[in-house]
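Chemist: I'll drop the sequence and a predicted model, then ask my questions.
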Amino acid sequence: MERNKKAELGWVMFDWANSAYSLVISTAIFPIFFLEFSDKTFQFGTISISNASVYAYSVSFAYIVVCFVTPILSGIADYGGYRKLFMRIFTTVGSLACMSLFLFDGPSSQNLALFSFMLATASHASSLVFYDSYLNQLVPVNRADKLSAMGYAFGYIGSVILMCLNIAMIQKPEFFGIQRCDNSYAHCISECGTLVDLFLSANICLVAKRSNLKMAIRLAYQRL
């Protein structure tokens, strides 16, 4: 297998960007922001559910969608060579959904925030399915562990750098020209989507050999 250093770097830098979502949005910043500025209880008919439970249910729903969507799409990607296309679509949709969380500023926009969060979470998880599938195409088996470890390492570094910047923005918003504390949260969240979208361009060098779409769909359903 001929080595493609540019493609390997693109694969690693994608991890540099997308790992920020797992830390900033899924774990550290957005959950606190949502629980602080949304209604404490959500009313569904006669049922009252706490905002913490609603957040947990939204994560579950997003991954249920992923479970139903990715098996058939991954089959189409494998047989039709649409891996790169699907990865770019999910990454772009997830980035835009993540950036739209900037609009969340309280109960009046909490439903939009929940929808955007679920869309971003589902898109992020789906993009990783196609991203990970590139590993064996880029390097031989004896180098797969090394490239994978490099991706993980860069992912942790990138997410920690953004997290440190976000903490600084929350603690000292006036230093960054931000007037209110909730606006500093919103800026942190939108930065994550922007970062992922910017580094999506690093993957333009990944291999994308396509075949007939109808044939790919038929083979994907047969495999499923």
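Modeler: Arrived safely.
Chemist: residue contacts, the residue nearest to the spatial centre of the chain?
Modeler: The residue lying closest to the centre of the chain (Cα atoms, centre = their mean) is H124, at 2.8 Å. Contacts for H124 (Cβ atoms under 8 Å, 6 or more residues apart in numbering) come out as N18, Y21, S22, F90, G94. All C-beta spots, glycine's among them, are computed from the backbone N, C-alpha and C.
Chemist: need the max-distance pair from those residues.
Modeler: Across the contacts of H124, the longest distance by Cβ to Cβ is 15.0 Å; it joins S22 and F90.
Chemist: more crowded one of the two?
Modeler: F90 (24 against 17; other Cβ atoms under 10 Å).
Chemist: the more buried one reaches S126, doesn't it?
Modeler: Yes - using Cβ atoms under 8 Å, F90 is in contact with S126, at 4.4 Å.
Chemist: for this structure, identify the residue most remote from the centre.
Modeler: Outermost in the chain, Cα atoms, centre = their mean: T46 at 34.0 Å.
Chemist: need phi/psi at it.
Modeler: Main-chain torsions, T46, degrees, to the nearest 10: phi -100, psi 0.
Chemist: that older thread, can I get the contacts of H124 in JSON lines including distance to A113, secondary structure and pLDDT?
Modeler: What follows is those, written out as JSON lines (distance: Cβ to Cβ, whole Å; DSSP: H, G, I helix; E, B strand; the rest coil; pLDDT from 0 to 100):
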{"residue": "N18", "distance to A113": "21", "secondary structure": "helix", "pLDDT": "83"}
{"residue": "Y21", "distance to A113": "15", "secondary structure": "helix", "pLDDT": "86"}
{"residue": "S22", "distance to A113": "18", "secondary structure": "helix", "pLDDT": "87"}
{"residue": "F90", "distance to A113": "20", "secondary structure": "helix", "pLDDT": "90"}
{"residue": "G94", "distance to A113": "15", "secondary structure": "helix", "pLDDT": "88"}
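Chemist: quick one: which of those is nearest F130?
Modeler: Ranked by distance to F130 (Cβ to Cβ), the contacts of H124 are led by F90 at 7.3 Å.
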